[in-house]
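Trainee: just the structure for this:
(one chain, ligands or ions: 2)
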Amino acid sequence: MTLLEAVDVRKFYGQTCALDGVSLRVGAGEFVSIIGPNGAGKTTLMNVLTGLTVPTSGRVTFKGVDVGGATPVRLARLGMARSFQLVTIFPGLSVGETLAVAALARLGRSARPFSALARDLEVRAAVDDVAALFGLADKLGRAARTLPQGDKKLLDVATAFALHPDVILMDEPTSGVSTADKTAIMETLVQAARRMGIRAIVLVEHDMDIVFGYSDRIVALHQGRVLADAAPEAIRADADVVRTVLGIAAPPATVSNRPPTGNPSPRTPLQ
Ligand SMILES: Nc1ncnc2c1ncn2[C@@H]1O[C@H](COP(=O)(O)OP(=O)(O)OP(=O)(O)O)[C@@H](O)[C@H]1O
Ligand SMILES: [Mg+2]
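Mentor: Ligands and ions are numbered 1, 2, ... in the order given. Predicted structure coming up:
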């Protein structure tokens, strides 16, 4: 079942063609990674898929609904949430307050009349749940801006999870953190996705160990076009992708389809 679909999407910034006829489908149960060199159009594609950027032409639908120009609140209500390449933490808020903003946004859609107390309790329970999943439970009172980079990244992702989306899109959730932290972040978010019943993940990632360790399908972008869209094994065997995208970062043939270290999750992490 297709949840998210882009059909022949083009996006121009002036003369720059950031996306040049991209089509893509994300189905229920899939973990799809988008890879490509700097400037390939990955973030632009994420922005188009999440309605933030309206394509110059083409169409993006989520559950059959056109998402072009949809606000984050509308998207969250439809069941889509995202995290950003550059962490978007409110510097003045604590960790708990940051998660509470997302929990409130979600609970706010409830038609049930809430007493202030009931709402407070429900928000607090939602914050505690997501904080526990992301290992942030003992940091709820801490100012978000004082967290180490790895925890800032986790908080950013946790905030998106607090919206209880069906589909979550993440733009480089592990960038700027150490290799050991990258694996820990990925394990945390995959476990959280399973526990919360998230139905599909779209990930932009430069770390090929992570991409090949977790993805069911990999979409390779180059100069705004889809160079390949296939299972990891086929991507690794694709000479064009190896030359253009993977380059010297190509994972050695010995890399298995598992997370690099720690307690490996099986492939198809959402099932
Ligand atoms: N707001 C913008 N205005 C003008 N040009 C833009 C804008 N956003 C992106 N571009 C251009 O579109 C192209 C694709 O950029 P994009 O940020 O999507 O690449 P990316 O694959 O995410 O790169 P990176 O790996 O560095 O994050 C680049 O040539 C970039 O300069
Ligand atoms: Mg980018």
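Trainee: for the residue most central in space within the chain, what are its contacts?
Mentor: Centroid check for the chain by C-alpha atoms, centre = their mean gives M170 as the closest residue, at 1.9 Å. M170 makes contact with R82, S83, V157, A160, L189, I201, V202, L203, V204 under the criterion C-beta atoms under 8 Å, 6 or more residues apart in numbering. Yep, even glycine has a C-beta here, placed from its N, CA and C like the rest.
Trainee: mind listing the strands for the stretch 1-150 of the chain?
Mentor: Using DSSP state E, counting those that start in this stretch, the strands of the stretch 1-150 of the chain run over residues 2-13, 16-27, 31-35, 57-62, 65-66, 80-83.
Trainee: mind listing what's buried in the second one?
Mentor: Spelled out, that is strand 16-27. Of the residues in strand 16-27, C17, A18, L19, D20, V22, L24, V26 count as buried by neighbour count, 16 or more other C-beta atoms under 10 Å.
Trainee: so where is the stretch 151-271 of the chain shaky, pLDDT-wise?
Mentor: Along the stretch 151-271 of the chain, segments meeting pLDDT under 70 span 248-268.
Trainee: how about the residues of it near ligand 1?
Mentor: Within the stretch 151-271 of the chain, no position lies close to ligand 1 (C-beta under 6 Å from any ligand atom).
Trainee: could you pull out the helices for this protein?
Mentor: 42-49, 72-78, 95-107, 116-133, 149-161, 179-196, 208-214, 232-236, 239-241 (DSSP state H).
Trainee: buried stuff in the fourth one?
Mentor: What that stands for is helix 116-133. R119, E122, V123, A126, V127, D129, V130, A131, L133.
Trainee: tabulate the contacts of M170 (a markdown table), appending neighbour count and distance to ligand 2.
Mentor: Shown next, in a markdown table, are those (neighbours: other C-beta atoms under 10 Å; distance: C-beta to the ion, whole Å):
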| residue | neighbour count | distance to ligand 2 |
| --- | --- | --- |
| R82 | 24 | 13 |
| S83 | 24 | 13 |
| V157 | 26 | 16 |
| A160 | 24 | 17 |
| L189 | 28 | 18 |
| I201 | 23 | 17 |
| V202 | 25 | 13 |
| L203 | 25 | 12 |
| V204 | 23 | 6 |
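Trainee: quick revisit: which stretch among the strands of the stretch 1-150 of the chain comes nearest T44?
Mentor: strand 16-27 (4.2 Å; C-beta to C-beta).
Trainee: is ligand 1 within reach of that closest one?
Mentor: Yes - using C-beta under 6 Å from any ligand atom as the criterion, contacts between strand 16-27 and ligand 1 involve T16, A18.
Trainee: who does that strand pair up with?
Mentor: Each strand paired with strand 16-27, and its direction, by DSSP bridges: strand 2-13 (antiparallel).
Trainee: residues contacting the partner strand, please?
Mentor: Strand 2-13 is contacted from outside by 17-28, 41, 44-45, 48-49, 53, 55-63, 80, 166-167, 199-200, 202, 224, using C-beta under 8 Å, 6+ apart.
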